[in-house]
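Visitor: no FASTA, just this:
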């Protein structure tokens, strides 16, 4: 089942902060975050694993709350280059079969527009 | 530079024709995937392959077929049985299918069927 991302879209001025949430109805083992610019391939940002630490990529960081089955992506002091659609991909915390780990379910995406 | 190459970038076909989308990677990754992306929706998994000569259906495999005869190549055929084939198709690979392996994506093929 697809995770639910919120908000669907956000418009920021350069330098402002934003939070994108990704919620699942299932227990999670991993959460991946990707950014896709229009007409391009999604680009990997970071992975958070059950029991792992909060991650960061430049001024973009993320947290993973295993109990709430959700992850949040934090865009801090946003730059124009942060514009794009952000997707979370969730890996289920089920029986530890290797193929289930890699079968990510992706959210519908959050469109981020950063303006000057 | 290592990466994933998808070709062509744009593809137009008439209804009722089969069409094959190419995906080649030189990252030496074991796992490869095909995703479909429609406006306003997330990426949906069509097929995946953990190793050469092995592949599994994803969530929306009906009307699609794949092969994995070489580690580097994972072509996707969209058959005439696929009821709504117009979409953006993304190929991806990862070192393995473990949950801590990031996906590397190609630039996609936009297929239009009329």
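Guide: Sure, I can see it. No experiment lies behind these values; they were computed from the predicted model shown.
Visitor: which is the next helix or strand following the helix-or-strand element of chain A with minimal mean pLDDT?
Guide: Least confident helix or strand of chain A, by mean pLDDT, DSSP states H and E, is helix A:98-102 with a mean of 56. Counting by DSSP states H and E, the next helix or strand C-terminal to helix A:98-102 is strand A:105-106.
Visitor: other residues contacting that following strand?
Guide: With C-beta atoms under 8 Å, 6 or more residues apart in numbering or on different chains as the test, strand A:105-106 has contacts from A:1-3, A:24, A:87-90, A:92, B:35, B:42-44. C-beta: built from backbone N, CA, C; applies to glycine.
Visitor: out of those, who's the most crowded?
Guide: Using other C-beta atoms under 10 Å in any protein chain shown as the neighbour criterion, residue A:88 leads the contacts of strand A:105-106 with 32 neighbours.
Visitor: out of everything not next to it in sequence, what's closest to it?
Guide: Excluding the flanking residues, the one nearest residue A:88 by C-beta to C-beta, 6 or more residues apart in numbering or on different chains is residue A:22, at 3.5 Å.
Visitor: can you give me the pLDDT of that neighbour?
Guide: Looking at residue A:22, its pLDDT stands at 96.
Visitor: now do the one 5 residues further on
Guide: Confidence per residue is given as pLDDT, and for residue A:27 that number is 84.
Visitor: can you list phi and psi of it for me?
Guide: Note on residue A:27: its backbone torsions stand at phi -60, psi 140 [degrees, to the nearest 10].
Visitor: residue numbers of chain B in contact with chain A?
Guide: B:4, B:31, B:33, B:35, B:40-45, B:48, B:50, B:56, B:58, B:90, B:94, B:96-108 (C-beta under 8 Å from any C-beta of the partner chain).
Visitor: could you redo the last one with a cut-off of 6 Å?
Guide: Proximity of chain B to chain A, by C-beta under 6 Å from any C-beta of the partner chain, involves residues B:41, B:42, B:43, B:97, B:98, B:99, B:100, B:102, B:105, B:106, B:107.
Visitor: may I ask which of those residues has the most neighbours?
Guide: So for the residues of chain B next to chain A (other C-beta under 10 Å), the most neighbours sit at residue B:43, 28 neighbours.
Visitor: identify the residues contacting the most centrally placed residue in chain B.
Guide: The centroid of chain B falls nearest to residue B:34 when counting by C-alpha atoms, centre = their mean (2.7 Å). Neighbour list for residue B:34: B:46, B:47, B:76, B:91 [criterion: C-beta atoms under 6 Å, 6 or more residues apart in numbering or on different chains].
Visitor: what about chain B, any weak spots by pLDDT?
Guide: B:1, B:99 (pLDDT under 70).
Visitor: switch the cut-off to 90
Guide: Scanning chain B for pLDDT under 90 picks out B:1-2, B:39-42, B:81, B:96-101.
Visitor: all helices of it, in order?
Guide: For chain B, helices defined by DSSP state H do not occur.
Visitor: for whichever residue of it sits closest to chain A, give its distance to residue B:110.
Guide: Distance from chain A to each residue of chain B (C-beta to the nearest C-beta) is smallest for residue B:97, at 3.0 Å. Applying C-beta to C-beta, to the nearest Å, the value for residue B:97 to residue B:110 is 27 Å.
Visitor: for stretch B:52-67, buried residues please.
Guide: By 16 or more other C-beta atoms under 10 Å in any protein chain shown, the buried positions in stretch B:52-67 come out as B:55, B:58, B:61, B:64, B:65, B:66.
Visitor: list the residues that contact the fourth one.
Guide: Spelled out, that is residue B:64. residue B:46.
Visitor: let's see that with 8 Å instead.
Guide: B:34, B:46, B:47, B:76, B:77, B:78, B:79, B:82.
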